[in-house]
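Asks: Make a model of this:
(one chain, ligands or ions: 2)
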Amino acid sequence: MEELTKVKTEEKLGKMIVFASGKGGVGKTVLSVNTAVALAQKGYSTCIVDGDFQFGDVNLAFDLQPKLTISDLVQDIKSLTSSMLPNYLQNHESGVKVLSAPLKPEYADLITASSIKDIIQKLLELHEYVVADISSGLTENNITFMEQADKILVVTDLEMAALKNTKTMLKTLKVLNMTEKVSVLVNRGNMESVIKFKDVPGILELRDLFYISNDFKVVSKSFNIGIPFIISKPNEKITREVNYMVDKICNRRYSARGKRKKKKSFLDFLKRK
Ligand SMILES: Nc1ncnc2c1ncn2[C@@H]1O[C@H](COP(=O)(O)OP(=O)(O)OP(=O)(O)O)[C@@H](O)[C@H]1O
Ligand SMILES: [Mg+2]
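Replies: Ligands and ions are numbered 1, 2, ... in the order given. The predicted structure is shown next:
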């Protein structure tokens, strides 16, 4: 599995993680939102883009009311300087910056692949991690997000339809030369289903899979009240699983809630003497 080691310098761009799926409703929004918060908790400057332009609900998951959205950003992008970009993002108390989806589904058509590329480029100049929650399927816009990604997490659950579409999606991503940056994330891995988690490697012909538990109580409540479970339920198993996945992707040693240690400067050293 390709791992992302992130060292941000003035010149270097951040890294982008995209949550994709062949079938809808498998948990992309829930997991991308909690991943973004986990990254922020670990000390990374993090932005989440709601790439589900028609029916995005990242705002709801964060209980935020957008003032400006990606539609406004698309209109202004050509004349935009980096210092103006934060005006289009909403600040969540976790530290995550949110670029919201358009307020109306009909505005989605105004967002082109080339504007997506420009926006991602600019977001990566300002953040160490950009997380994108996209709609299901392989639309032109979704492929643009995936092309820009350093890591694509293809989310599935244990339903036959989801696994079938995942397999088809993996084949297409192979043709598009993206296999190296793809990992499969099995969400609700212990849900009631004829297919069990242990069957998935055989079905998808893959050994390396991320696993997230089925936890209706925690996930549903946190989604409905707009507080990511990684904040409200720090000790739950599902929170540990998301943190484990994030640490793996960032090539960190697993730490449940640990913040990134600040590097000690020479001045700190002298002060202690
Ligand atoms: N690990 C989980 N355990 C229990 N329920 C879950 C889990 N993950 C997601 N869900 C539930 O599944 C439903 C769909 O989740 P979500 O909206 O994140 O999926 P999605 O892939 O973003 O859907 P869409 O393709 O429509 O955007 C939600 O009601 C959510 O509460
Ligand atoms: Mg979604």
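
Asks: Could you use CA atoms for every contact and neighbour count after this?
Replies: Fine.

Asks: Could you list the residues of this structure in contact with ligand 1?
Replies: Within reach of ligand 1 by Cα under 6 Å from any ligand atom, the chain has these residues: 24-30, 135-136, 187-188, 212-216, 219-220.

Asks: Restrict the residues you listed to the buried ones and give me that as a ChimeraX selection.
Replies: Selection command for ChimeraX covering only the buried members of the residues of the chain next to ligand 1, criterion 16 or more other Cα atoms under 10 Å:
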select :26,27,28,29,30,135,136,187,188,212,213,214,215,219
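
Asks: among the residues of the chain next to ligand 1, which are in helices?
Replies: 28-30, 216, 219-220 (DSSP state H).

Asks: Look through the protein and tell me its longest helix.
Replies: helix 160-175.

Asks: so what secondary structure elements neighbour it?
Replies: Judged by 3 or more Cα pairs under 8 Å, 6 or more residues apart in numbering; DSSP states H and E, the packing partners of helix 160-175 are strand 151-156, helix 200-204.

Asks: let's see 10 Å
Replies: Helices and strands touching helix 160-175, by 3 or more Cα pairs under 10 Å, 6 or more residues apart in numbering; DSSP states H and E, are helix 140-148, strand 151-156, strand 182-186, helix 200-204.

Asks: Residue 109 and residue 74 touch, don't they?
Replies: No - counting by Cα atoms under 10 Å, residue 109 does not reach residue 74; the two are 11.3 Å apart.

Asks: Comparing those two, which residue is more hemmed in?
Replies: More neighbours surround residue 74 than the other of residue 109 and residue 74, with 18 against 10 (other Cα atoms under 10 Å).

Asks: From ligand 1, how far off is that one?
Replies: 22 Å (Cα to the nearest ligand atom, to the nearest Å).

Asks: and that residue, what is it in contact with?
Replies: Neighbouring residues of residue 74 by Cα atoms under 10 Å, 6 or more residues apart in numbering: 80, 110-112, 114-116, 118-119.

Asks: Now list the buried members of those residues.
Replies: Judged by 16+ other Cα under 10 Å, buried ones among the contacts of residue 74: 111, 115-116, 119.

Asks: Out of these, list just those in helices.
Replies: Among the buried ones among the contacts of residue 74, the ones falling in helices (DSSP H) are 115-116, 119.

Asks: for those residues, which one is nearest residue 156?
Replies: Using Cα to Cα, residue 116 is the member of these that sits closest to residue 156, with 24.8 Å.

Asks: Make sure the closest one is actually in contact with residue 148.
Replies: Yes - between residue 116 and residue 148 a contact is recorded at 9.4 Å, counting by Cα under 10 Å.

Asks: still on that earlier bit, could you identify the least confident member of the contacts of residue 74?
Replies: The member of the contacts of residue 74 with the lowest pLDDT is residue 80, at 86.

Asks: what sits against residue 222?
Replies: 30, 61-62, 216, 228-233.

Asks: Okay, buried residues for stretch 157-175 please.
Replies: 157-159, 162-163, 165-167, 169-170, 173.

Asks: all helices of the stretch 1-150 of the chain, in order?
Replies: Applying DSSP state H, counting those that start in this stretch to the stretch 1-150 of the chain gives helices spanning 28-41, 58-62, 70-76, 113-126, 140-148.

Asks: okay, those, which one's buried deepest?
Replies: helix 28-41 (a mean of 25; mean count of other Cα atoms under 10 Å).

Asks: tell me the pLDDT at the residue of the stretch 51-200 of the chain found nearest ligand 1?
Replies: The stretch 51-200 of the chain approaches ligand 1 most closely through residue 188 (4.4 Å), counting by Cα to the nearest ligand atom. At residue 188 the predicted local confidence, pLDDT, stands at 98.

Asks: Can you name the residues that contact the residue lying closest to it once chain neighbours are set aside?
Replies: Spatially, and ignoring its direct neighbours in sequence, residue 188 is nearest to residue 214 (3.7 Å; Cα to Cα, 6 or more residues apart in numbering). For residue 214, the contacting residues are 157, 187-192, 238, by Cα under 10 Å, 6+ apart.
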